[in-house]
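Undergrad: quick one: sequence plus predicted model below, questions after.
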Amino acid sequence: MAIKDTLLRLKVFAAAPWFPVVIGILSGANLFVLVLSGPLVVLYCSAVLASPKRWLWTAVANAVGTVLGCGLMLMLLERRGAEFFKQEFPGAFQSKWWTWTETQMQSYGPLAAVPVAAMPIILHPLIFFGHLTNMTDL
């Protein structure tokens with residue numbers, strides 16, 4: 001019964017009108033803490049399943065949070081340089097996703113940005129390669 005009770009409580013929590021905002025905030029924060037990708041997918045799916053009529057609001061809140069986080073990261077990248085991030089996030093630069101994203105960006109250029117951005121993986125390589133190749137900030 002404990003699992004069933006936990007799922008019912010999660011559904012009530014995920015159906016709250018403010019829950020998509022929490023997902024958006026966590027999506028933006030994930031760019032700096034790097035450990036929320038898996039839990040965010042679970043929370044996002046929970047929000048949509050708990051309140052299917054609000055799926056668009058949940059998606060928009062998630063996207064806005066991610067865009068704001070990327071904007072902040074880009075601002076820090078421009079002010080502090082890539083070395084700052086290499087020191088602060090060494091795990092991101094050594095992950096298999098960094099290598100995979102680097103390969104995609106080198107092979108397909110800006111076209112690779114769309115599917116990579118839609119995936120629940122770290123966005124650091126996308127931001128860095130976009131910046132280093134002088135893609136526009138928008």
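TA: Here it is on my side, so go on.

Undergrad: counting by contacts, list what the longest helix along the chain packs against.
TA: Criterion DSSP state H: the longest helix present in the chain is helix 55-80. If you count contacts as 3 or more CB pairs under 8 Å, 6 or more residues apart in numbering; DSSP states H and E, helix 55-80 packs onto helix 19-33, helix 37-50, helix 82-88, helix 124-132. (Each C-beta comes from the backbone N, C-alpha and C, glycine too.)

Undergrad: okay, the angle between the last one and helix 19-33?
TA: What that stands for is helix 124-132. Counting by axes from the mean of the first three to the mean of the last three CA atoms, to 10 degrees, helix 124-132 lies at 70 degrees to helix 19-33.

Undergrad: any stretches of the protein with poor pLDDT?
TA: For the chain, the stretches flagged by pLDDT under 70 are 1, 118-122, 132-138.

Undergrad: which residues touch the closest residue to L31 other than its chain neighbours?
TA: Distances taken as CB to CB, 6 or more residues apart in numbering place G69 nearest to L31, at 4.0 Å, with adjacent residues excluded. If you count contacts by CB atoms under 8 Å, 6 or more residues apart in numbering, G69 has them with S27, G28, A29, N30, L31, F32.

Undergrad: one more time with 10 Å
TA: Listed by CB atoms under 10 Å, 6 or more residues apart in numbering, the contact set of G69 reads G24, I25, L26, S27, G28, A29, N30, L31, F32, L123, I127.

Undergrad: how close does it get to Y108?
TA: In this view, G69 and Y108 are 24 Å apart by CB to CB, to the nearest Å.

Undergrad: quickly list the domain ranges of the chain.
TA: The record assigns the chain these domain ranges, following automatic domain parsing: 1-80, 81-138.

Undergrad: how distant is the first one from the center of its chain?
TA: Here domain 1-80 shows a centroid-to-chain-centroid distance of 9 Å under the convention CA atoms, centre = their mean, to the nearest Å.
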